[in-house]
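build me a structure from this.
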Amino acid sequence: MKKICDSIRFSTRCLRLSPLPIALPGIKIQQIVRRETLLTITGRATSPTAVCPCCQQSSSRVHSYYTRSPQDLPISGQVVQFVLEVRRFRCQNQNCRQQTFAERLPALPVWARQTARLGAVLDAIAVALSGQAGSRLSEQLALPVSPDTLLRRAKRARSASRPTPRVLGVDDFAFRRGHTYGTLLLDLETHRPVDVLEDRSAETFAQWLRHHPGVEIISRDRSKEYRRGATDGAPQAQQVIDRWHVLKNLRETIERFLSHIQMPEEIKDEARRAIPPRQKRTSGEHARSQGSRQRRLALYEKVVELSKLGGSIQGIARQRQISRQTVRKFIQAPSFPEQQKHDQTKSAIDQYRPYLHQRWQEGCQTTGQLWRELQERGFTGSWMMVYRWVQLQRDEQGESADQSQPKTQTVTHKMAPRQLAWLFLHDPDRLEKQEQQTLTLLRQDPRIELAYGFAQQFVTMMKEHDAKPLDAWLWACQMSGISDLVTFAQGLKQEGSALHAAFTLSYSNGPVEGKINKLKYIKRSMYGRSGFPLLRQKVLKAA
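You can find the predicted model right below:
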């Protein structure tokens, strides 16, 4: 009786009275059997004819019968398995090379072990999770599938290829920062990824463009590889430089200019704002800081030595495995560039310092006890913050009690060239009062005033999309006598029409940067255990 209860058979008459929540076009359901977590549905094809896939002629002559057992979407947590009786037909076209053929079912692809709707669900799981994680989720959803199967589905290319975009955006991303890079191609009209290339060389990009003719506009950064690849692969396309990258290069130029000129004495002594004195470091922190400085000093001396021996910036960067910007900064610096000190930010422990000093004088010098007392008074910081304060008091144990009391004083602060460079690009009317005062002092130097005028004029042209004064601006920069601006202007002049298009056309690499951010998320979610083919398909299918 138990087997009878576990195996429930529905006759065709009962099926007509109780419609099933299953739709499989072209199949007549004959029987349903339930055994534990498996639901087996038996049916047969009902179409009297079938179309030959080779010659597209209809045939009604049945050659033989065979059985297919595809899996379908689960029902109420039960695995659904079809057992279908399918026919083979004889092709009645004597000129057809295929004598027999199997009939095609609309919801069941040829040779597939799953229905089309189940395959779509597995594809979505494979793209989102792939491998082991996808297999564990599928098991919970009553869709048992192996990790290898999900990986194969994720790596499988789409059957329909995307059309060649009219407006193409190109940018690079890092497989391993500083070592290997790839390229993402994006349709800037639909914001959909078109392809992912395994490197960022000009040859690879040019080859892709030759195989996909029809690109009219190419938006890119100032990479020489992409410029050469676009010129070789699609010479008829209009190239557009990304405006953000141009402004970034201008800021870097101003920063280099400010880093090796003699600042006015007023700027060096300008008090930026009143802040509490920087909290002293513990002995351990001071030792680690000195060790870091010694390593940086050794690197600086090595870079300067290689430069004097005739090494190029790119060659030194590759040899020492550092960025070209760091090499250029070391070479152009008149002496070892010390690390800039940052302003102290507010800490959760600041308002409790008087109480801590009082308890310290009373003899309570245990970190745990002080932390619990602060928590009772509303302190939300960590135990480590109190521990660091205690360590500082112990380092200063030999000092007098009045020196350990908190003080507030006004300190001077010299703005770094990186901070000052932003003042050259910002709208002067939107600067804060202190920034305007600093900028006024800076502009007293004739060279700085000249560079500031060039920077503001360039930003204004870009905001107004006005390329008419551009040629005159480039010529004036080259005649200015400021070496950094001369180099910047000469580099822009080599871009030709791509620079003018950046001022007049609305396309930019902003959407490409957004998709690269999504690509990085997909890459990191694979934990480095998958290669480029899987990454490429997941990026294209996730669009």
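
dump the helix or strand containing Val86 to PDB, restricted to CA.
If you go by DSSP states H and E, Val86 is part of strand 78-90. Output of strand 78-90 as PDB, limited to C-alpha atoms (Å, rounded to 0.1, in the frame of the first residue of the first chain):
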ATOM      1  CA  GLN A  78      10.200  18.300  -6.500                       C
ATOM      2  CA  VAL A  79      12.500  17.500  -9.400                       C
ATOM      3  CA  VAL A  80      10.500  17.200 -12.600                       C
ATOM      4  CA  GLN A  81      11.600  14.600 -15.200                       C
ATOM      5  CA  PHE A  82      10.000  14.200 -18.600                       C
ATOM      6  CA  VAL A  83       9.900  10.800 -20.400                       C
ATOM      7  CA  LEU A  84       8.800  11.700 -23.900                       C
ATOM      8  CA  GLU A  85       8.200   9.400 -26.800                       C
ATOM      9  CA  VAL A  86       9.600  11.200 -29.900                       C
ATOM     10  CA  ARG A  87       9.600  10.100 -33.500                       C
ATOM     11  CA  ARG A  88      12.000  10.000 -36.400                       C
ATOM     12  CA  PHE A  89      10.600  10.800 -39.800                       C
ATOM     13  CA  ARG A  90      11.700   9.900 -43.300                       C
END
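
so in that sheet, which strands flank it, and in what orientation?
The strands that strand 78-90 pairs with in its sheet are strand 38-45 (parallel), strand 62-68 (antiparallel), strand 71-75 (antiparallel), strand 100-102 (antiparallel) (by DSSP bridges).

in that strand, which residues are buried?
Val79, Val80, Phe82, Val83, Leu84, Val86, Arg87, Phe89, Arg90 (16 or more other C-beta atoms under 10 Å). For every residue, glycine as well, the C-beta is placed using N, CA and C.

how distant is it from the center of its chain?
Averaging C-alpha positions (C-alpha atoms, centre = their mean, to the nearest Å) puts strand 78-90 45 Å from its chain's average.

same deal with stretch 306-321?
The chain centroid and the centroid of stretch 306-321 are separated by 30 Å, computed with C-alpha atoms, centre = their mean.

and that stretch, end to end?
For stretch 306-321, the first-to-last residue distance is 14 Å (C-alpha to C-alpha, to the nearest Å).

and if you look at stretch 307-317?
End-to-end span of stretch 307-317 (C-alpha to C-alpha): 11 Å.

offset the numbering so it begins at 48, please.
Got it, the first residue is 48 from now on, which makes the last one we talked about stretch 354-364.

what sits up against that stretch?
Val350, Leu353, Gln366, Ser370, Arg371, Thr373, Val374, Arg375, Ile378 (C-beta atoms under 8 Å, 6 or more residues apart in numbering).

between those residues, which sits nearest Met526?
Using C-beta to C-beta, Arg375 comes nearest to Met526 of the contacts of stretch 354-364, at 23.9 Å.

what distance do you get for that closest one to Phe535?
13 Å (C-beta to C-beta, to the nearest Å).

show me which of those two is the more surrounded one.
Phe535 (24 against 17; other C-beta atoms under 10 Å).

quick one: contacts for the more buried one?
With contact taken as C-beta under 8 Å, 6+ apart, Phe535 is in contact with Asn296, Leu297, Thr300, Cys524.

doesn't the third one belong to a helix?
Yes. Under DSSP: H, G, I helix; E, B strand; the rest coil, Thr300 sits within a helix.

so for it, what's the pLDDT?
pLDDT recorded at Thr300 is 93.

count of neighbours near it?
By the measure other C-beta under 10 Å, the count of residues near Thr300 is 24.

likewise the second one?
Look at Leu297: counted by other C-beta under 10 Å, it has 21 neighbours.

thinking it is in contact with Gln503, fair?
No. Assessed by C-beta atoms under 8 Å, Leu297 is found out of contact with Gln503, at 10.8 Å.

one step back: looking at the strands paired with strand 125-137, which is closest to Ser177?
Taking the strands paired with strand 125-137 one by one with C-beta to C-beta, strand 118-122 is closest: 19.6 Å.

hmm, who's touching the closest one?
Taking C-beta under 8 Å, 6+ apart as the rule, strand 118-122 contacts 68-69, 71, 86, 88, 126-129, 160-162, 164-165, 168, 188-190.

now with 7 Å?
Surrounding strand 118-122, the residues in contact under the criterion C-beta atoms under 7 Å, 6 or more residues apart in numbering are 68, 86, 127-129, 160-162, 164-165, 168, 188-190.

farthest-apart pair in those, please.
Distances among those were taken as C-beta to C-beta; the most separated pair is Pro68 and Arg160, at 21.9 Å.

so where's this structure uncertain?
Within the chain, the stretches with pLDDT under 70 are 48-70, 206-208, 309-333, 387-393, 442-462, 575-576, 590.

could you identify the longest helix within it?
What stands out as the longest helix in the chain, according to DSSP state H, is helix 330-355.

tell me how many other residues crowd Ser116.
Ser116: 10 neighbours (other C-beta under 10 Å).

keeping just the C-alphas, turn the helix or strand hosting Val243 into PDB.
In the assignment (DSSP H and E), Val243 maps to strand 239-244. Extracted in PDB, the C-alpha atoms of strand 239-244 (Å, rounded to 0.1, in the frame of the first residue of the first chain):
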ATOM      1  CA  ARG A 239      26.200  47.400 -23.300                       C
ATOM      2  CA  PRO A 240      29.600  45.700 -23.300                       C
ATOM      3  CA  VAL A 241      30.600  44.600 -26.800                       C
ATOM      4  CA  ASP A 242      33.700  42.600 -26.100                       C
ATOM      5  CA  VAL A 243      36.500  42.000 -23.600                       C
ATOM      6  CA  LEU A 244      40.100  41.800 -25.000                       C
END
